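Participant: predicted model follows, preceded by the sequence.
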Amino acid sequence: MEIRMTNLTKIFTSKNKKEVRAVDHVDLKIPSGKLIGLLGPSGCGKSTTLYLIAGLLRQNEGEIFFGDEEVTETPPEKRGIGLVFQNYALYPHMTVRENILFPLQNLKVEKEEAIRRTVEIAELVGLQEMLDRKPKELSGGQQQRVAIARALVKKPRVLLLDEPLSNLDARLRLQTREEIKRIQRETQITTVFVTHDQEEAMSISDEIVVMKDGVIQQMGEPQYVYNFPINLFVAKFLGSPQINIFDGEIKNKEILINSMKVGDTKLEDQKVTIGIRPEGFIVDTKKESNFHFVIDLVETIGRDTTLIIEIPGNEGGLLDKKTFKAIVDSDYKIGVGHDVYFKVKPGKMYLFDASGSVL
Ligand SMILES: Nc1ncnc2c1ncn2[C@@H]1O[C@H](COP(=O)(O)OP(=O)(O)OP(=O)(O)O)[C@@H](O)[C@H]1O
Ligand SMILES: [Mg+2]
């Protein structure tokens, strides 16, 4: 089921009459059968968007469609959605079976059919052995699977997940996210997965939507958005360690950082912001380039060595010294205090104008 939003806007008014545009003229098409990661920093409007799709909040402007059907004025219980929140919200006094069955009783589904569907869904989420347990006898990951089963048993048209992994520890988080991916693939249900964790969104989603201040910045396949960020915000939000940012300039078709040449361009002379991914540096052992720095710190973890380098001329006192990170092959024998020469890998450097748009 395709979800389509046009011109969707939600304004909250706080007590001091200040308006917050939590969702600001959003046009978004979520393709049928896909898992979409809705991603952005805290307060950017992810949950609000999800609750508008669910019908739990009322928009100030705009329309929402499920396929060809407009659902803008449809109450939540008639939209055919399954919702899962961060806190599992299970009924503690009920068994897993009763928890999953509960929505079907509400829908007055015939008893035999309801029991059949409960067992089927329990198998899908891998809980068939645990149907008689109470929530407190389950791990966090298992409890969240019950919540997902309960959302799916109604055969919803869309599945909406709001930070479903936030309460789990690191290992369970990874495991449960793989599980969600598998369940989504098997059911082919159109799913919106909200998270502020870029790595989580990148790993689980068919496509990601990056949001900032209620406005959609970019949508696309995770690797595409990573490789071709539309602006500085998206470039900085995706990737760990973060992309390195330099003040730079273009002069006579050359890209310069601290007057050192890092590349060529067809662009006219101007000041630019330059982003280089940490994995975008190649150590130039022949010292052909003149793009070089003195190394301040070296961290070697397994295959990779991370060089941490202060950007000369950018230091503004001890606390906000500007540094950058270059991840290079650990075969290079490089030490603190050495002068290291770099080349930049094609496609790993981006130029941004004063407004932050990619050039
Ligand atoms: N009921 C409300 N009343 C007033 N303002 C609200 C309300 N709900 C959300 N907001 C504001 O709307 C903006 C978007 O909030 P939202 O909950 O959608 O963000 P979010 O992206 O889900 O953030 P988080 O990652 O912290 O969950 C924020 O500025 C928030 O303070
Ligand atoms: Mg939220």
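Facilitator: Nice, thanks for sending it over. Ligands and ions are numbered 1, 2, ... in the order given.
Participant: now the closest residue to ligand 1 within the stretch 251-359 of the chain: closest residue in space that isn't a chain neighbour?
Facilitator: With Cβ to the nearest ligand atom as the measure, Gly356 is the residue of the stretch 251-359 of the chain nearest to ligand 1, at 20.1 Å. For every residue, glycine as well, the C-beta is placed using N, CA and C. Of all residues not flanking Gly356 in the chain, Leu232 sits nearest, at 3.8 Å (Cβ to Cβ, 6 or more residues apart in numbering).
Participant: check Glu98 too.
Facilitator: Using Cβ to Cβ, 6+ apart, the closest residue to Glu98 is Tyr91 (7.3 Å).
Participant: what's the burial count for that neighbour?
Facilitator: Tyr91 has 13 neighbours, counted by other Cβ atoms under 10 Å.
Participant: can you check Tyr350 too?
Facilitator: By the criterion of other Cβ under 10 Å, Tyr350 has 22 neighbours.
Participant: so what's Arg303 scoring on pLDDT?
Facilitator: With respect to pLDDT, Arg303 has a value of 81.
Participant: burial check on whichever residue of the stretch 151-300 of the chain sits closest to ligand 1, number of neighbours?
Facilitator: The shortest separation between the stretch 151-300 of the chain and ligand 1 is 4.5 Å, found at His196 (distances taken as Cβ to the nearest ligand atom). By the measure other Cβ under 10 Å, the count of residues near His196 is 17.
Participant: mind starting the numbering at 4 from now?
Facilitator: In the new numbering, first residue 4, that becomes His199.
Participant: who's in contact with it?
Facilitator: 42-45, 49, 166 (Cβ atoms under 8 Å, 6 or more residues apart in numbering).
Participant: before we move on, back to that, and the residue of the stretch 254-362 of the chain closest to ligand 1, how far from Glu291?
Facilitator: Taking Cβ to Cβ, to the nearest Å as the measure, Gly359 falls 32 Å from Glu291.
Participant: so which of these two has more stuff around it?
Facilitator: Using other Cβ under 10 Å, the more surrounded residue of Gly359 and Glu291 is Gly359, with 14 against 9.
Participant: just to check, that one is in contact with Thr276?
Facilitator: Yes. Using Cβ atoms under 8 Å, Gly359 makes contact with Thr276 at a distance of 7.3 Å.
Participant: joint contacts of these two?
Facilitator: Here Gly359 and Thr276 have Leu235 as joint contacts, going by Cβ under 8 Å, 6+ apart.
Participant: how near is the residue lying closest to Phe88 once chain neighbours are set aside to Gln131?
Facilitator: Nearest in space to Phe88, with sequence neighbours left out and distances taken as Cβ to Cβ, 6+ apart, is Asp165 at 5.2 Å. Separation of Asp165 from Gln131 (Cβ to Cβ) stands at 27 Å.
Participant: over to Glu302?
Facilitator: To Gln131, Glu302 is 46 Å away according to Cβ to Cβ.
Participant: again with Lys336
Facilitator: 55 Å.
Participant: Asp332 now?
Facilitator: 47 Å.
Participant: so those two - more neighbours on which side?
Facilitator: Remark: of Asp332 and Gln131, Gln131 carries more neighbours, 13 against 10, as counted by other Cβ under 10 Å.
Participant: what's the pLDDT at that one?
Facilitator: Per the predicted model, pLDDT is 90 at Gln131.
Participant: kindly report the same for Ile39.
Facilitator: You'll see Ile39 listed with a pLDDT of 98.
Participant: element containing it?
Facilitator: Under the assignment given by DSSP states H and E, the secondary-structure element containing Ile39 is strand 38-42.
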